[in-house]
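Participant: One predicted model, sequence on top.
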2 protein chains.
Amino acid sequence: MDNIFESLPRGAAEEVFADLLKRPGVRIERIVSTGQASPPGFLYDQPHDEWVILLSGAAGLAIEGEAERELKPGDCVFLPAHRPHRVTFTAADEPTVWLAVHIGEQA
Amino acid sequence: MDNIFESLPRGAAEEVFADLLKRPGVRIERIVSTGQASPPGFLYDQPHDEWVILLSGAAGLAIEGEAERELKPGDCVFLPAHRPHRVTFTAADEPTVWLAVHIGEQA
């Protein structure tokens, strides 16, 4: 993928994940959401650190112990390993493009 | 920094670098250029891998052995260690914001 905004899935029923780079200890991923959210009550609890930036669209992010926040393009969040979090919404009318850097992930 | 487009330096004489995240083996950096380019004849020759995405503005990138390319927002480039490259121009009239992920860099 030469441009992160190219070949965007439109109206996909599920979120669409694509690895942009995979090197030992680091994986850079594009995630495209179109209205999806984490299931009610579900929390991600990842065993590795993740840094994420929202590049287009909008999303809500709830991190355990913090106020829910609304993310706009350019917003960056660091999610340390085992920090429970969930996506409360993503824009329904346009693709929400995330760039995620997964650090120290075990294969 | 909560948003990569906040607190952008305007018209700085030099490029402005800021670490967004530093973890063992990974450093995520914002670079803001305003018309700067690599000095004529200069080539970056980094001992570590770098993945970069241009998020605003425009830039020219010359990688040794490849045709020079013009980068627009969203364009991603992987620069393997020791692949000589240079920035041939950046937009003079607006900030060019780069997100760089440095991988396996030695401190």
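Facilitator: On my side now, so go ahead. Here the structure is a predicted model, which means the values were calculated and not measured. Residues are numbered from 1 along each chain as shown, chains lettered A, B, ... in the order given.
Participant: Assess the claim that A:P73 and A:E94 are in contact.
Facilitator: No - using Cβ atoms under 8 Å as the test, A:P73 is too far from A:E94 to be in contact (10.8 Å). C-beta coordinates here come from the backbone N, C-alpha and C atoms, glycine included.
Participant: Quickly list what's touching both of these two.
Facilitator: Any residue near both A:P73 and A:E94 by Cβ atoms under 8 Å, 6 or more residues apart in numbering or on different chains counts here, and that gives A:S56, A:G57.
Participant: Let me know the average pLDDT across stretch A:99-107.
Facilitator: Averaged across stretch A:99-107, the pLDDT comes to 92.
Participant: in it, what's buried?
Facilitator: Buried residues in stretch A:99-107, counted by 16 or more other Cβ atoms under 10 Å in any protein chain shown: A:L99, A:A100, A:V101, A:H102, A:I103, A:G104.
Participant: for these, which one is nearest chain B?
Facilitator: Nearest to chain B among the buried residues of stretch A:99-107: A:I103, at 5.1 Å, using Cβ to the nearest Cβ.
Participant: Report the contact partners of the closest one.
Facilitator: Listed by Cβ under 8 Å, 6+ apart, the contact set of A:I103 reads A:G25, A:V26, A:H48, A:D49, A:E50, A:W51, B:R23, B:G25, B:V26.
Participant: Now with 7 Å, please.
Facilitator: For A:I103, the contact set (Cβ atoms under 7 Å, 6 or more residues apart in numbering or on different chains) comprises A:G25, A:V26, A:H48, A:D49, A:E50, A:W51, B:R23, B:V26.
Participant: Over to A:S33?
Facilitator: Counting by Cβ under 7 Å, 6+ apart, A:S33 makes contact with A:E15, A:A59, A:T90, A:T96.
Participant: Leaving aside the residues adjacent along the chain, what's closest to the third one?
Facilitator: Looking back up the chat, that one is A:T90. Spatial nearest neighbour of A:T90, excluding adjacent residues (Cβ to Cβ, 6 or more residues apart in numbering or on different chains): A:S33 at 3.8 Å.
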